[in-house]
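J.: Have a look; sequence and predicted model below, questions after that.
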Amino acid sequence: MLYQTAPDASARNIFHGEIVQLLRLGTPAPATGNGDDGRVRVSILLNIPASSTLSPTLLTAEITRASAGRMQLSEGKSVYATFKATEARAYT
């Protein structure tokens, strides 16, 4: 899940970073006003302390276009991302 402010959530994995890419997936709904079935892939460059030995890390989330619109997401915007370990997937 993505948040605009630090969340008070039960998920133990909470990350903060900057959106570096928004990629629209799928097709928008017809112009009948019945919503939008498309999704948006959001790539977030995580904030890592300067003292850390970790490399810059990207986290990717897929959300609905409606949610991206409601949150007014854009490249450069700061967001928080949370997830439960059972929902995580690793891709290389």
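T.: Here it is on my side, so go on.

J.: show me where the protein has strands.
T.: Listed in chain order, the strands of the chain (DSSP state E) span 2-3, 13-25, 39-46, 58-64, 78-83.

J.: Show me the one of these that comes nearest Arg70.
T.: The closest of these to Arg70 is strand 58-64. By Cβ to Cβ, the value is 9.1 Å. Where you see a C-beta, it was placed from the backbone N, CA and C, and this is true even at glycine.

J.: That closest one packs against which elements?
T.: Using 3 or more Cβ pairs under 8 Å, 6 or more residues apart in numbering; DSSP states H and E, the elements in contact with strand 58-64 are strand 13-25, strand 39-46.

J.: Just put those in a markdown table and tack on distance to Leu73 and mean pLDDT.
T.: Below are those laid out as a markdown table (distance: least, Cβ to Cβ, whole Å; pLDDT from 0 to 100):
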| stretch | distance to Leu73 | mean pLDDT |
| --- | --- | --- |
| strand 13-25 | 6 | 93 |
| strand 39-46 | 6 | 95 |
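
J.: any low-confidence regions in the protein?
T.: 27-37, 87-88, 91-92 (pLDDT under 70).

J.: repeat that with 50
T.: For the chain, no stretch has pLDDT under 50.
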